[in-house]
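In: the sequence and its predicted three-dimensional model are supplied below.
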Amino acid sequence: MDLSRVGGKSGREGLKSRHQPYWQQFGAGCHLGFRKPGGSKSETWLARYYDSAKQSANKYSFRTLGDFSGLPPNERFMAAKKAAEKWWDHLRSGGSATITTVKDACRAYVLGNGSEEEPQRPKADQWFGRLVYVDPIAKVDLSHLRKTDVEAWRRRVAARPAAVTRSKKGTQVTRARSAATVNRDMVSLRAALNAAFIAGAVSTDTAWRGALRASKNAGKPRSLYLDLQQRRRMLANAQVEIRPFVQALCALPVRPGALAALRVEHLEHRTGVLSIPAGSDKGKDFRRVTLPENTAALFREQAKDKLPKALLFVQRNGKAWNKDSWKWPIKDAAAAAALPEATSAYTLRHSTITDMVIAGVPLLTIAQISGTSVQMIEKHYGHLRQEHATAALAAIAI
């Protein structure tokens, strides 16, 4: 059948309406399809590809190309054929036939090798739900994704207020989205699109390579520092329920979320070695920390009489601590201790890292324990090491 003809009995207008497409072959295994439905439904162009080397029983792959209604009828065939040829070339070069849209790429990234019931990256799925799945970019075909599409998405995200708290109770507090927050927002989408590129879903990453590049100098060094006496005062004023969690934050430069996720099995009771699993926070690598005896005693006390899978630090109701449940108890303790209003769980981490830098602990060691990079430690705390060096030089001046 010649689908290039438009009018007359032998052209597309003369075809009978039916659900099954009319196919025209273009080389081995390559077919261009045209569906002419009845009623007011629009016509549709499709592509089909037969892969004899495919391991599954169904060796056919299909793709809907669209209706090309924006073009004159006599130009739609060539436009559909061009789109089909691009897809055939993509498949012949080993490209994926399953990942087609930006949303598909995100879902594939979330699931990894898991199932719909047990996604491997649930946090990324929640983030995609807020910023990608509900956005127009979700429906864009990866093969048609342009740099302007990604840049427009980035502008829309930057214009959205950032939630200060996600608690469903009380007034919802928001703030203007900072450049640093937008940088973090782009991480998951960039990872999903890169994974789709590696999987062969698209032949180039040009659309997002530059558009999702992080803004430089967006992160501001944390300036609020609590000295040891202030932290002790805060700990003394903390409620009994959260006191062990606060004490652990003061003793280790780990992120609050990583601390809250630790389980009894992550602590070696005899040696006092703490294992922090990969992916429990922003730290990508598994890491082990040998705890000093007083800190090890704190962790052993939290592990006492608990099963290996039990959480080390929990609320009174047995639930895990999270950013909504630890926020106000820490704020209350800071207020009772007459500390700055901006004091937060991350202030304790920042203060601990600051003390380690000033004490001369190697930056690589600090980075490994805290689950970040040496570059980030240097960026946010390098000035402290310089000040320490200046003071040391002043002390030996003749």
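Out: Ah, there it is.

In: where do the strands sit along the stretch 151-300 of the chain?
Out: Counting by DSSP state E, counting those that start in this stretch, one finds strands in the stretch 151-300 of the chain at the ranges 162-163, 174-175, 267-268, 273-276, 287-290.

In: give me the below-cutoff pLDDT ranges for the stretch 251-398 of the chain.
Out: 279-285, 382-398 (pLDDT under 70).

In: thinking again about what came up before, which of the strands of the stretch 151-300 of the chain sits closest to Ala261?
Out: strand 273-276 (8.8 Å; Cβ to Cβ). In short, each C-beta sits where N, CA and C put it, glycine included.

In: got a pLDDT number for the residue nearest to Ala214 when sequence neighbours are not counted?
Out: Distances taken as Cβ to Cβ, 6 or more residues apart in numbering place Asn183 nearest to Ala214, at 4.4 Å, with adjacent residues excluded. Asn183 is assigned 88 on the pLDDT scale.

In: most packed of the strands of the stretch 151-300 of the chain?
Out: strand 273-276 (a mean of 19; mean count of other Cβ atoms under 10 Å).

In: strand partners of that one, parallel vs antiparallel please.
Out: Strand 273-276 sits in its sheet next to strand 267-268 (antiparallel), strand 287-290 (antiparallel), going by DSSP bridges.

In: quick revisit: number of residues surrounding the residue nearest to Ala214?
Out: 16 (other Cβ atoms under 10 Å).

In: do Lys331 as well
Out: The burial count for Lys331: 16, using other Cβ under 10 Å.

In: for it, what are its contacts?
Out: 341, 343-344 (Cβ atoms under 8 Å, 6 or more residues apart in numbering).

In: quick check: it vs Trp127, distance?
Out: For Lys331, the distance to Trp127 equals 26 Å [Cβ to Cβ, to the nearest Å].

In: and what of Leu312?
Out: 26 Å.

In: of those two, who's got more company?
Out: Taking neighbours as other Cβ under 10 Å, Leu312 and Trp127 compare with Leu312 leading, 25 against 19.

In: the more buried one and Arg255, how far apart?
Out: 15 Å.

In: identify the residues contacting the spatially most central residue of the chain.
Out: Geometric centre of the chain, nearest residue: Ser188, 2.9 Å, by Cα atoms, centre = their mean. Contacts for Ser188 (Cβ under 8 Å, 6+ apart) come out as 106, 109, 124, 127-128.

In: quick one on the thing from earlier: so the residue nearest to Ala214 touches Lys216, yeah?
Out: No: at 9.4 Å, Asn183 does not count as touching Lys216 under the criterion of Cβ atoms under 8 Å.

In: just the ones of the contacts of Lys331 in helices?
Out: Among the contacts of Lys331, DSSP state H puts none in helices.

In: do you know how far Ala201 is from Ala53?
Out: In terms of Cβ to Cβ, Ala201 sits 19 Å off from Ala53.

In: higher neighbour count, those two?
Out: With neighbours defined as other Cβ under 10 Å, Ala201 and Ala53 compare such that Ala201 has more, 22 against 5.

In: now that one: phi and psi?
Out: phi -70, psi -20 (degrees, to the nearest 10).

In: filter the contacts of Lys331 to the buried ones?
Out: 343-344 (16 or more other Cβ atoms under 10 Å).

In: could I get the contacts of Lys331 as TSV with distance to Asn194?
Out: Putting those into TSV (distance: Cβ to Cβ, whole Å) gives the following:
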residue	distance to Asn194
Glu341	40
Thr343	38
Ser344	32
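
In: list the contacts of the closest residue to Lys86 other than its chain neighbours.
Out: Excluding the flanking residues, the one nearest Lys86 by Cβ to Cβ, 6+ apart is Ser143, at 6.7 Å. Residues near Ser143 by Cβ under 8 Å, 6+ apart: 86-87, 90, 100, 202-203.

In: closest one to Ala278 out of those residues, please.
Out: Val202 (28.0 Å).

In: quick check: the closest one touching Ala195?
Out: No: with contact defined as Cβ under 8 Å, Val202 does not reach Ala195; the gap is 10.9 Å.

In: have a look at those two and say which one is more surrounded.
Out: Between Val202 and Ala195, counted using other Cβ under 10 Å, the more crowded position is Val202 (24 against 16).

In: out of everything not next to it in sequence, what's closest to that one?
Out: In space, Val202 is closest to Leu142, 4.4 Å off (Cβ to Cβ, 6+ apart).

In: so the one you found sits against Ala196, correct?
Out: Yes: applying Cβ under 8 Å as the test, Leu142 and Ala196 come out as touching, 6.3 Å apart.
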